[in-house]
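K.L.:
quick one: sequence and predicted model below, then my questions.
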Amino acid sequence: MKNYRSEKPDGYRIAPSPTGYVHLGTVAMALVNSYLARQNHGRFYLRIEDTDSKRYVPDAVEKMMTTFNYFDIHFAETYVQSERAAIYQKYAEDLVKQGKAYYCFCTEDDLNQMRETQLKNNEPTGYYGKYAKCRHISQEEVARRVANGEKYVIRANFGYQDWGDRITFVDAARGEIALPPQINDPIILKSNGLPPYNFAHVIDDTLMGTALVVRGEEWLISTAEHMQLCDLLSFPRLNYLHMPTINIEDNGKKRKLSKRKDPQALVMNLVDAGYPREAIFEYLLTIYNSDFEIWRTANPTAPLTDFQFSIQKIGTNNPLFDLPKLNDIAKNVWARYDHATMIKVFNAWNWQSLPQITPAIKARIEAMLGVERGGERPRKDLVKFEDIPTLYSYLWDAITVDGASLDGALLKKYAAIYDANDDKDTWWQKIKNMAPDKPSLKTLTAQMRLAITGKTNTPDLWAISRILGNEIVKARLTRW
RNA sequence: GGUCCCGUGGUCAAGCGGUUAAGACACCACCCUUUCACGGUGGUAUCAUGGGUUCGAUUCCCAUCGGGACUACCA
């Protein structure tokens, strides 16, 4: 076991519970912690918080690791809380021996009854004061009841300590916070022999040497209890940083991103939709570090790891998830990639999910991914691969065209001179020759574009025509 | 209900006692353009409210209101 006293804590971590899915917020925490670890020359580690036996999900850890790997998130160490039961038990028993914790035999019914009474009397709910019945059970009785096979939990005895009016600490992002002490005697060991979050957190982060506990804002209030637990265990108090949580607007109300209602909440949904990983990182960085965008503008092509993450620039508001913003970032990320990278990323994506995909169409898509790419002003119309069937619908054989405005004779004239082998200048020269004045160049190209692609708004027509080839282009031109 | 956090445009936000209150997204207009884009320029729009403190408050204090979180043998 690590002796925390002899080492300077240098760890940063994420501590998800294994539900099988990685939440956007978890990726955000991973991102922030890995920056902090890198910048402070610390370790970045993973702790699986699986002490809730009711919430067991098979293969959950494997599934999460797949996602982390996909995002190139790697850990120096990995801990699993359920494998550490003996450690928590030892600390809990030690506290019992010191009179700082005690066995509690109250059943669920007892506790429900207690809560009802408290509610009825307008008293705060919880296990405290006169309601903490098991505080005073004698050692003999404890031994007897345990021997009898009665179920029990271990509770910290906060009642005997004097915690003062307030417990204060400095949150790395928010400054000084003053909280009333927890007066309840919290459970530190559940009847299944495992600790709940509060106890496991304090022990693990102390033993594992966490320099800064970076976690969601939802933990802010319980920090008082965590400090009391540290005190009880004679551990130095931990350092904390509470991050804002990402919300979403629902009927004019803010609420946390929910994995059931909001597909964006699960990062793999975003990935499956064909967003670039980097866009997800960049979006999270714009949310969590207000000068990221300024840095990105100044360093358009620098790798993300060059960015200096700053704790001072973490906001304290809970931001709303903004899909248009993510989309914009995605466009810019794609625009930075070269054609070879695009093809690589596209192939790594589950392109098989595209409708009616054939080798020929896939080849067209890959070619399309190179159109107007590179150079000073790359095109920015692709958000996510999932959009390809609508964005580049003309790459499929069957297209629907609203041809009401099309001039069949004109298009046939163009079909007659079109040759996919022409270079761009030749192609353009032919078009100019075709339309000295009669139809303006603008109308002519609009007609061609509509007939060939079914759209009024597409990338370079010459490039698209070449990808489709003589046969298809001419067929589409001559059917009006 | 209690406790804690938060409150600058539609969204993300800079600001940290004196500013024409940055910037990004979205929206609109115009410009550029050998097609479509990209890009460029400009525009609409913000300090929740009420009290203080101060020569002066977006900035500091208090109250109100609003939003969020916690209040489990879940994390």
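P.N.:
Good, I have the coordinates. As the structure is a prediction and not an experimental result, all values here were calculated from the model.

K.L.:
let me see the contact set for A:Gly164.
P.N.:
By CB atoms under 8 Å, 6 or more residues apart in numbering, A:Gly164 lies in contact with A:Pro181. To be clear about C-beta, it is placed using only N, CA and C from the backbone, and glycine gets the same treatment.

K.L.:
now it: which helix or strand?
P.N.:
Using DSSP states H and E, A:Gly164 is not contained in any helix or strand.

K.L.:
could you count how many residues lie near A:Ala92?
P.N.:
When neighbours are defined as other CB atoms under 10 Å, A:Ala92 has 25 of them.

K.L.:
run through chain A and note the low-pLDDT ranges.
P.N.:
Within chain A, the segments meeting pLDDT under 70 span A:1-6, A:436-439.

K.L.:
alpha carbons of the helix or strand A:Val473 falls within, in CSV - could you do that?
P.N.:
In this structure, A:Val473 sits in helix A:461-477 according to DSSP H and E. Extracted in CSV, the C-alpha atoms of helix A:461-477 (Å, rounded to 0.1, in the frame of the first residue of the first chain):
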residue,chain,number,x,y,z
LEU,A,461,-19.0,21.0,-60.9
TRP,A,462,-16.0,20.0,-63.0
ALA,A,463,-14.7,17.8,-60.2
ILE,A,464,-18.1,16.3,-59.5
SER,A,465,-18.6,15.5,-63.2
ARG,A,466,-15.3,13.8,-63.4
ILE,A,467,-16.1,11.7,-60.4
LEU,A,468,-19.4,10.6,-62.0
GLY,A,469,-17.8,10.0,-65.4
ASN,A,470,-19.0,10.5,-68.9
GLU,A,471,-21.8,8.0,-69.0
ILE,A,472,-23.7,9.2,-65.9
VAL,A,473,-23.2,12.9,-66.6
LYS,A,474,-24.5,12.6,-70.2
ALA,A,475,-27.4,10.4,-69.1
ARG,A,476,-28.4,13.0,-66.5
LEU,A,477,-28.1,15.8,-69.0
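
K.L.:
is RNA strand B contacted by that helix?
P.N.:
Yes - on the criterion CB under 7 Å from any atom of the strand, helix A:461-477 is in touch with RNA strand B at A:461-462.

K.L.:
could you list the buried residues of that helix?
P.N.:
Across helix A:461-477, burial judged by 16 or more other CB atoms under 10 Å covers A:461-468, A:472-474, A:476-477.

K.L.:
quick one: contacts of that helix?
P.N.:
Residues from elsewhere that reach helix A:461-477, judged by CB under 8 Å, 6+ apart: A:364, A:367-368, A:371-372, A:394-395, A:397, A:399, A:401, A:411-412, A:414-415, A:418-420, A:424, A:427-428, A:445, A:448-449, A:451-453, A:458.

K.L.:
switch the cut-off to 6 Å
P.N.:
By CB atoms under 6 Å, 6 or more residues apart in numbering, the list of residues contacting helix A:461-477 from outside reads A:364, A:367, A:371, A:411, A:415, A:418, A:420, A:424, A:427, A:449, A:451-452.

K.L.:
what does stretch A:259-268 give?
P.N.:
The contact list for stretch A:259-268, computed with CB under 6 Å, 6+ apart, reads A:21-24, A:27, A:67, A:248, A:257-258, A:269, A:321.

K.L.:
now, among those residues, which is nearest to A:Gln182?
P.N.:
A:His23 (27.0 Å; CB to CB).

K.L.:
which non-adjacent residue is nearest the closest one?
P.N.:
A:Ala265 (5.8 Å; CB to CB, 6 or more residues apart in numbering).

K.L.:
check contacts around the residue nearest the centre of chain A.
P.N.:
Ranked by distance to the mean C-alpha position of chain A (CA atoms, centre = their mean), the top residue is A:Leu24 at 1.8 Å. Contact analysis of A:Leu24 by CB under 6 Å, 6+ apart lists A:265, A:267.

K.L.:
likewise A:Ile183?
P.N.:
A:Ile183 makes contact with A:Tyr128 under the criterion CB under 6 Å, 6+ apart.

K.L.:
what kind of secondary structure is it in?
P.N.:
coil (DSSP: H, G, I helix; E, B strand; the rest coil).

K.L.:
from A:Cys106, how far off is it?
P.N.:
Here the criterion is CB to CB, to the nearest Å. By it, A:Ile183 lies 17 Å from A:Cys106.

K.L.:
and the strands in chain A?
P.N.:
Per DSSP state E, chain A carries strands over the ranges A:11-14, A:43-48, A:77-80, A:101-104, A:153-156, A:167-171, A:175-179, A:187-189, A:213-216, A:240-243, A:247-250, A:253-256.

K.L.:
ok, A:Gly403 touching A:Trp480?
P.N.:
Yes - A:Gly403 lies in contact with A:Trp480 (CB atoms under 6 Å); the separation is 5.4 Å.
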